[in-house]
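# The sequence isn't on hand, but the structure is:
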C-alpha cells in the first residue's frame, strides 16, 4: 500500500510541480520518424457540466486544419507522404500520433506544428467533428455490446468523479458544446506543464530541440482542473443492466485498485491477472474453464489496467496512463440461458485464485510468458515510444527493463501476497448488456441454482465442480440492480 500511495502522490504532484514541458527522444537508424505528442489534459479535465470537451478539442486539432490550410488541404498534403495525424483521448492524456519518412520530415512537421500550435478553428470542421463524436456514441458504442458494457462498468465505478463519464462525453453535452468552448479549453489546458513530447527514429541530431523551441510558444501553466476525487468504496455487489436488442449477454465486472505502474505490487499483480486471463490468449484459467472446458463463449480475460477496444486489439494501446485503475474481468457474450452460470463461474474462479493462490508451475509459466510478451508489446517504433512516454508519466524506468527486472527476482509468494492484498470476489460492480433487462434482473436477484446443460457428456470433475458453481452466491437483490435502456447510456 505504501508503494501505491507514493506512486499516486508523485502523479498528483506532477501537474503542479513540473512547470516545464517534458520530452523523450529515442533516436535510431530507422528512415521513419515517429511523433507522439501528449497533453495531460484528457477527459478528467472536462468541466463537470461539459463532458466530451477535451475530446472535441483534440479532434478539432487532429481533424480541423491549420490557420492557413483547410482540413482538405492538410489531408491532400499528407496523402503523397503516406502519412497522417490522429488523436487518442483518455482520462489523463490527449495524444497526437503520426509517422513520416525522413525525406518528408520537414514538410510533415510543418503541418503537424500548424495543427497543434496554430489550429484553424473553422465552424464547418467543428460541425463535422461534433457529428462524428455523437455518431460514435449513438451508432458506434451503443451497437457494440462488449465495449458498451465495459464503459458502463467504468462509469458506474467512477460515478461522481472526473473519471465518471465516457471519454467522448454524452450526446446531450456534445450537442451543447460550442467552438468557443473548445478554444477556451485549448487556451487553458494545452500548456507546457501539461506537455510531453515524444520523438523516435532517424531524425537529425538537433531536431528535438527545435521542436521543443516551437512548443515553448504555448502558455507555461495550465488552467482549472476538476477537483481530484477517488472512486467511492463499494459496500456490496451491484449490477447495471444495459438493455438493447441483442441475442446474447455480455458481462464485465470489477472494482477499483490502488496498484499502478510503479507500485511495489504491480509486476506481481500483473502475473496474477495474466494467469487468470491474459487478453486474447488461450492459456488463462478463465479461458480454459469457461471456453475450453464448458464452451460458454469465445473467451474470458482479466485486467489491471484500462484496455479499450479489446474485441479488436491483441494488445493494449500505449498512452492510456491513469491515476486510478480497476481490476476487471471481461466475460465475452454468452447465451442468455447461461448468463447466470457464467457470472457465477467467473466469480468462483476469482475466489479460487484468492483462496488458493497461483500454483508454482502456473507462476513459472506466466512469468516466462510475460518476460517475452513485454518485447512483443514494444516491438514497433511507435509502441516503444508510447511505452517510453508512459514510463515518464509513471516515474518508472523503461517499461521492458522495469518489468523484466522485477519478474527475474519475483517469487510465487510475492504474487500470492499481492493477490490477497488487492483482489476480492465481493463488493464489486457488474455490468451486463442483455435484451430483456428486467428478466435478467429477476434471475440474478434470485438465489436459485443455475445448472448448466451440455450437448455432450462432460468429465466427472467438471460436473462435480458445476454443482458448486451453480449455487455460488451472487449477493445481489432487486435494490442493487439497475436496468437502463442502451439509448439512455451516455445520453
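That came in fine, so what should we check first? Remember, it's a predicted structure, so these values are computed and weren't measured experimentally. Residues are numbered from 1 along each chain as shown.
# what's in contact with stretch 165-179?
When contacts are defined by CB atoms under 8 Å, 6 or more residues apart in numbering, stretch 165-179 is touched by residues 42-43, 46, 49-56, 60, 89-91, 121, 123, 126, 130, 133-134, 136-138, 141, 151, 155, 490-491. C-beta coordinates here come from the backbone N, C-alpha and C atoms, glycine included.
# again with stretch 346-353
251, 253, 272, 275-276, 285-286, 289-290, 300, 302, 329, 331, 419, 423, 425, 468-469, 472, 474.
# Narrow those to those that are buried.
251, 253, 272, 275-276, 285-286, 289-290, 300, 302, 329, 331, 419, 423, 425, 469, 472, 474 (16 or more other CB atoms under 10 Å).
# Just the ones of the contacts of stretch 165-179 in strands?
residue 89 (DSSP state E).
# rewinding a little: sitting in helices, which of the buried ones among the contacts of stretch 346-353 do you find?
Using DSSP state H to define helices, the subset of these located there is 272, 275, 276, 285, 286, 419, 469.
# How much space separates the first one from residue 409?
Right, residue 272. In this view, residue 272 and residue 409 are 17 Å apart by CB to CB, to the nearest Å.
# Report how many residues lie close to residue 439.
14 (other CB atoms under 10 Å).
# Now do it against residue 205, distance only.
Residue 439 is 66 Å from residue 205, by CB to CB.
# Same question for residue 37.
Using CB to CB, we find residue 37 at a distance of 20 Å from residue 205.
# mean confidence score for stretch 118-127?
The pLDDT scores in stretch 118-127 average 98.
# Tell me which residues are up against that stretch.
56, 60-61, 63-71, 179, 182-183, 186.
# how about the helices of the stretch 151-300 of the chain, start to end?
In the stretch 151-300 of the chain, the helices defined using DSSP state H, counting those that start in this stretch lie at 171-176, 179-189, 207-215, 266-277, 285-286.
# Tell me which other helices or strands the shortest one touches.
So the one you mean is helix 285-286. With contacts taken as 3 or more CB pairs under 8 Å, 6 or more residues apart in numbering; DSSP states H and E, helix 285-286 sits against helix 266-277, strand 300-303, helix 339-356.
# any chance of the ones you listed in JSON lines, with mean pLDDT and distance to residue 446 too?
Shown next, in JSON lines, are those (pLDDT from 0 to 100; distance: least, CB to CB, whole Å):
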{"stretch": "helix 266-277", "mean pLDDT": "98", "distance to residue 446": "27"}
{"stretch": "strand 300-303", "mean pLDDT": "98", "distance to residue 446": "23"}
{"stretch": "helix 339-356", "mean pLDDT": "98", "distance to residue 446": "9"}
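# Just send these back as CSV, with distance to residue 311 too.
Formatted as CSV, the helices and strands packed on helix 285-286 follow (distance: least, CB to CB, whole Å):
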stretch, distance to residue 311
helix 266-277, 15
strand 300-303, 11
helix 339-356, 17
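# what residues are up against residue 382?
So residue 382 contacts 34, 36, 97, 99, 200 (CB under 8 Å, 6+ apart).
# what's the burial count for residue 351?
Residue 351 has 15 neighbouring residues, counting by other CB under 10 Å.
# separation between it and residue 475?
For residue 351, the distance to residue 475 - CB to CB - is 12 Å.
# Please apply the same query to residue 188.
Distance, residue 188 to residue 475, using CB to CB: 44 Å.
# what do you get for residue 155?
For residue 155 relative to residue 475 (CB to CB), the value is 22 Å.
# and those two? which has more neighbours close in?
residue 155 (18 against 15).
# Please verify my assumption that the more buried one contacts residue 149.
No - if you go by CB atoms under 8 Å, residue 155 and residue 149 don't touch, sitting 10.7 Å apart.
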